[in-house]
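J.: Task: produce atomic coordinates for the following.
(one chain, ligands or ions: 1)
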Amino acid sequence: MSALPRVGNFIGGRLVDGSGPRFPDYDPGRGEVIGEVFSAGEAEIEAAVAQARCAARAWARAAGAGRGRALRRIAEVLRAHNDELAELETRDTGRPIAETRSVDILSAADCFEYFGALAATLATEHVDLGPSAFGYVRREPIGVVGAIGAWNYPLQIASWKAAPALAFGNAVVFKPSELTPQSALRLAALLVEAGLPPGLFNVVQGDARVGRALVRHPEVDKITLTGEVNTGRAVMAEAAAGLKRVSLELGGKSPLIVFSDADLDAAVTGAMLGNFYSSGEICSNGTRVFVERPILAAFLDRLSLRTERLRIGDPLDPATDVGAMISTTHGERVTGYIERGLTEGARLITGGRRMHEGVPAGGFYIAPTIFTADDGMTLAREEIFGPVMTVLPFDEEEEVIARANATPYGLAAGLFTRDVTRAYRVAARLGAGVCWINHYNVTPVELPFGGVKQSGIGRENGRAAIEAYTEVKSVYVALGDIESPY
Ligand code: NDP
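T.: Residues are numbered from 1 along each chain as shown. Okay, here's the model as predicted:
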């Protein structure tokens, strides 16, 4: 493996090898090894946290306007490197280049731009306490943020965490998923190139052990995780020992409801976006598609026709719609769910198999799959994180709301209807942190993103992120003599 590019850590503005275990990084599109990852050992984790602590001190004292300027420069640098970063992301995730070029880097840049603008707007609240006193409420940085990412949108996840954390005066130590170590490293270098002081954004590589070390580290003040529900549980339990602040962006099994008055083509587009984009490897996917019975047959016809036209194959080919699964292990997990669906009696409409023809050898490709099923089946209950859609017929509005909400998750929800009053009424009653009316899976940075119930705690993006990355300090100011009770 010695001739392979070294994928190291980024600490204090410099690339450094790690003293932890080494492992190969794969291009999931081809199954080829594209780098050797040097995970952080104890020494590198200590160094990264120490650098972050030190850099955070000066950064916290800087005026918000100055921090904002730095973030807006980063946005420009990211846009200028769109093609390079998109290719890196596609090679590391197996997601189509058409997606990474048009979404991942631009969404990250938008995030830096948005929080760059917000950085200077943190206004102190003045509280009148009568003639003898007043108070004011400051928003202060939390300190060092340990950020842990999932593998589906590595650069976007890193940016959604780093941009608000940095905007409000914190420093970050980021651990990417061991499956996608590359783009965070490049992001870190570009941040410094754009003028961000070294030490404010550090990257430590490795598996869950490195994540755990960050969660346990006494000098890490807050943890923000994007990952599975069980990981969220473990991280929260571990963070409780240090009473550490946590934000959790976790999984889901979100409902998408199609009423019979909906624009059918738009609803089909929504269902496809919510199930097949990024090979279905998206946390907010609307994998339970409830369709009102009178339009069920027409919906399935249109949906299967358009799904069968999707081009599955080489992620680097700009014409590809659906790329590879992140790994063979994950691909087998997804095909396991398909088999389970068949065993439990779900009806397969299209897809349902691993593809071997017309796709690069070495990758794990799954034909976009549609089932009709019952709510109780595994397909309709568990997060699959692959291109597997489950369509469920319904008859009444009240009934579908109850069924949509009958899940321990609550990340997202969507509905298609032309009836505006119904749209607002139903959106208000869906148990989800994000809800789309007549669209699906669009995530502008201006809107908070995150889940209720077991899908998470806290919100990313929007002004809600101020809560996630600042502490409130109340200051009481006495204006006159103070009475002594003694
Ligand atoms: P995992 O939960 O397996 O991993 C997420 C990250 O946590 C990885 O970096 C992982 O390290 C690390 N980790 C695992 N265990 C621990 C631990 N005990 N302590 C600290 N860190 C730990 O998720 P995946 O990477 O498999 O991503 C898929 C999941 O992420 C899906 O459930 C999906 O729904 C969710 N997700 C949620 C999003 C949201 O915004 N709500 C967005 C995207 C994905 P390692 O390198 O070993 O994997």
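
J.: what sits opposite the nearest residue to residue 245 once chain neighbours are set aside in the beta ladder?
T.: Once flanking residues are discounted, residue 245 sits nearest to residue 222: 4.1 Å by CB to CB, 6 or more residues apart in numbering. For every residue, glycine as well, the C-beta is placed using N, CA and C. On the basis of DSSP bridges, residue 222 is bridged to residue 145, residue 245.

J.: can you tell me how far residue 222 sits from the ligand?
T.: Distance of residue 222 to the ligand, computed by CB to the nearest ligand atom, to the nearest Å: 14 Å.

J.: so who does that residue touch?
T.: Counting by CB atoms under 8 Å, 6 or more residues apart in numbering, residue 222 makes contact with 142, 143, 144, 145, 146, 170, 244, 245, 246, 247, 469.

J.: Pretty sure the fourth one sits against residue 170.
T.: So the one you mean is residue 145. Yes - the pair residue 145 and residue 170 passes the contact test of CB atoms under 8 Å, sitting 5.0 Å apart.

J.: Quick check: neighbours shared by the two?
T.: Here residue 145 and residue 170 have 222, 469 as joint contacts, going by CB under 8 Å, 6+ apart.

J.: got a pLDDT number for the residue nearest to residue 245?
T.: Predicted confidence (pLDDT) for residue 222: 98.

J.: Please apply the same query to residue 62.
T.: For residue 62, pLDDT reads 96.

J.: Can you report phi and psi for it?
T.: phi -70, psi 150 (degrees, to the nearest 10).

J.: in terms of contact, does residue 159 touch residue 112 like I think?
T.: Yes - using CB under 8 Å, residue 159 is in contact with residue 112, at 6.5 Å.

J.: Residue 145 and residue 170: which has the busier surroundings?
T.: Remark: of residue 145 and residue 170, residue 145 carries more neighbours, 29 against 26, as counted by other CB atoms under 10 Å.

J.: Tell me, what's the model's pLDDT at the more buried one?
T.: 98.

J.: for the helix or strand encompassing residue 126, packing partners?
T.: Using DSSP states H and E, the element containing residue 126 is strand 125-128. Where contact means 3 or more CB pairs under 8 Å, 6 or more residues apart in numbering; DSSP states H and E, strand 125-128 is packed against strand 133-141.

J.: The strand it packs on pairs with which strands, parallel or anti?
T.: Under the rule (DSSP bridges), strand 133-141 has strand 125-128 (antiparallel), strand 470-478 (antiparallel) as partners.

J.: circling back to that earlier point, now do the strand holding residue 126: everything it contacts.
T.: So strand 125-128 is in contact with 134, 135, 136, 137, going by CB under 8 Å, 6+ apart.

J.: Repeat that for stretch 317-333.
T.: Residues outside stretch 317-333 that contact it (CB under 8 Å, 6+ apart): 26, 28-29, 31, 90, 93-99, 101, 151-152, 179-180, 276, 278-279, 281, 310-315, 334, 354, 359-360, 363-366, 368, 385-387.

J.: Buried residues of it, list them for me.
T.: 320, 321, 322, 323, 324, 325, 326, 327, 328, 330, 331 (16 or more other CB atoms under 10 Å).

J.: what do you get for stretch 114-131?
T.: 114, 115, 116, 118, 119.

J.: try stretch 139-156
T.: 139, 141-156.

J.: Also stretch 77-88?
T.: For stretch 77-88, burial by neighbour count (16+ other CB under 10 Å) applies to 77, 78, 79, 81, 82, 85, 86, 88.

J.: Now tabulate those residues in CSV and tack on pLDDT and distance to residue 128.
T.: Shown next, in CSV, are these (pLDDT from 0 to 100; distance: CB to CB, whole Å):
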residue, pLDDT, distance to residue 128
77, 98, 44
78, 98, 44
79, 98, 45
81, 98, 49
82, 98, 49
85, 98, 50
86, 98, 52
88, 98, 54
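
J.: Figure out how far stretch 284-291 is from the centre of its chain.
T.: With CA atoms, centre = their mean, to the nearest Å as the basis, stretch 284-291 stands 18 Å off its chain's centre.

J.: hmm, back to that, nearest to the ligand, out of the strands paired with strand 133-141?
T.: Nearest to the ligand, of all the strands paired with strand 133-141, is strand 470-478, at 20.4 Å by CB to the nearest ligand atom.

J.: can you list the residues that contact the closest one?
T.: Outside strand 470-478, the residues within contact range by CB under 8 Å, 6+ apart are 122, 129, 132-142, 168-169.

J.: what's the closest of these to residue 210?
T.: Among the contacts of strand 470-478, residue 142 lies closest to residue 210 (CB to CB), at 20.8 Å.

J.: Tell me the pLDDT of the closest one.
T.: At residue 142, the model reports a pLDDT of 98.

J.: Phi, psi for residue 219 please.
T.: phi -90, psi 0.

J.: And it, how far from residue 53?
T.: Look at residue 219 and residue 53: by CB to CB, to the nearest Å, they are 6 Å apart.

J.: tell me which parts of the chain are close to the ligand?
T.: Residues of the chain lying near the ligand by CB under 6 Å from any ligand atom: 148-152, 175, 177-178, 207-208, 211-212, 215, 225-228, 231, 234-235, 249-251, 283, 383, 385, 411, 451, 456.

J.: So which of these are in strands?
T.: Mapping these onto strands (DSSP state E) picks out 148, 175, 225, 226, 249, 456.

J.: Tell me the most packed of the residues you listed, by neighbour count.
T.: residue 175 (31 neighbours).

J.: That one reaches residue 149, doesn't it?
T.: Yes - in this structure, residue 175 is within contact of residue 149 by CB under 8 Å, at 6.8 Å.

J.: can you tell me how far residue 323 sits from residue 283?
T.: Separation of residue 323 from residue 283 (CB to CB): 17 Å.

J.: er, residue 469 I mean
T.: From residue 469 to residue 283 the distance is 21 Å (CB to CB).
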